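Peer 1: quick one, structure for this:
(2 chains)
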Amino acid sequence: AQKVTQAQTEISVVEKEDVTLDCVYETRDTTYYLFWYKQPPSGELVFLIRRNSFDEQNEISGRYSWNFQKSTSSFNFTITASQVVDSAVYFCALSGANTGNQFYFGTGTSLTVIP
Amino acid sequence: DVKVTQSSRYLVKRTGEKVFLECVQDMDHENMFWYRQDPGLGLRLIYFSYDVKMKEKGDIPEGYSVSREKKERFSLILESASTNQTSMYLCASGFVGSENIQYFGAGTRLSVL
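Peer 2: From the prediction side, this is the model:
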């Protein structure tokens, strides 16, 4: 079974603080993909990153970084020096090679950055 | 830029009405998807389509049907709307294969009274 757990429902931080959003997944597939999406108040989910199961290198993009650890089945997302524009709901998702491009989403983490 | 366009941002319908939600993508994607988003439940897949006239049930297809007559257009149909179908509906599209990224529309917030 494919499952994604985002245990943090809501997080509030003060601007310029760092924040980490947790994502834990379950899958029996040996080949799979992990994703993060951002959903600002406008509603549209915006793709942030995709990572495949064979690539455990961490990735940094500006203030965003992602830590993928197969040993703990986690794909955590860190925002450094948070800004008000980072306020959004963030979704982690999983897609298995054998699930026909079907995505399994976590329940999302609502991040509020307080100025 | 990929563009996925949903025909309405907000809709208000009455119980028992037939409701059509339209989605159009401009990237020649094979796959298209319909999700509903509810607080605390995340996104749940209703139906998806991997080709014209092809459709597959997702996790919560009951009460819904879909139509894909052209590659760029994927319609979600509520045959007889009910109050428990009040939700945010999100359409997505993507290529088959290694790229495997879904691109989303802005969503339709449907209220069934």
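
Peer 1: residues contacting the residue positioned nearest the centre of chain B?
Peer 2: Centroid check for chain B by C-alpha atoms, centre = their mean gives B:Trp34 as the closest residue, at 2.8 Å. By C-beta atoms under 8 Å, 6 or more residues apart in numbering or on different chains, the residues touching B:Trp34 are B:21, B:23, B:45-48, B:58, B:64, B:66, B:74, B:76, B:89-91. Bear in mind the C-beta positions are built from the backbone N, C-alpha and C, glycine included.

Peer 1: among the residues you listed, which are within reach of chain A?
Peer 2: B:45, B:48, B:58, B:90 (C-beta under 8 Å from any C-beta of the partner chain).

Peer 1: how many neighbouring residues does the first one have?
Peer 2: Spelled out, it's B:Leu45. 20 (other C-beta atoms under 10 Å in any protein chain shown).

Peer 1: enumerate the residues of chain B near chain A.
Peer 2: Contact residues, chain B versus chain A (C-beta under 8 Å from any C-beta): B:9, B:31, B:33, B:35, B:40-45, B:48, B:50, B:56, B:58, B:88, B:90, B:92, B:94, B:96, B:100-107, B:109.

Peer 1: let me know the pLDDT of A:Thr107.
Peer 2: Listed pLDDT for A:Thr107 reads 94.

Peer 1: secondary structure class for it?
Peer 2: coil (DSSP: H, G, I helix; E, B strand; the rest coil).

Peer 1: ok, A:Ser110 next?
Peer 2: Classification of A:Ser110 by three-state DSSP places it in strand.

Peer 1: wait, it sits on A:Val89?
Peer 2: Yes: applying C-beta atoms under 8 Å, one finds A:Ser110 in contact with A:Val89, separated by 4.9 Å.

Peer 1: between the two, who's got more neighbours?
Peer 2: Neighbour count, other C-beta under 10 Å: between A:Ser110 and A:Val89, A:Val89 has more, with 20 against 15.

Peer 1: element containing that one?
Peer 2: In this assignment (DSSP states H and E), A:Val89 forms part of strand A:88-96.

Peer 1: for the record, mean pLDDT for that strand?
Peer 2: Mean predicted confidence for strand A:88-96 is 94.

Peer 1: other residues contacting that strand?
Peer 2: A:2-4, A:6, A:21, A:23, A:25, A:27, A:29, A:31-41, A:45, A:75, A:77, A:101-106, A:108-111, B:42-43, B:100.
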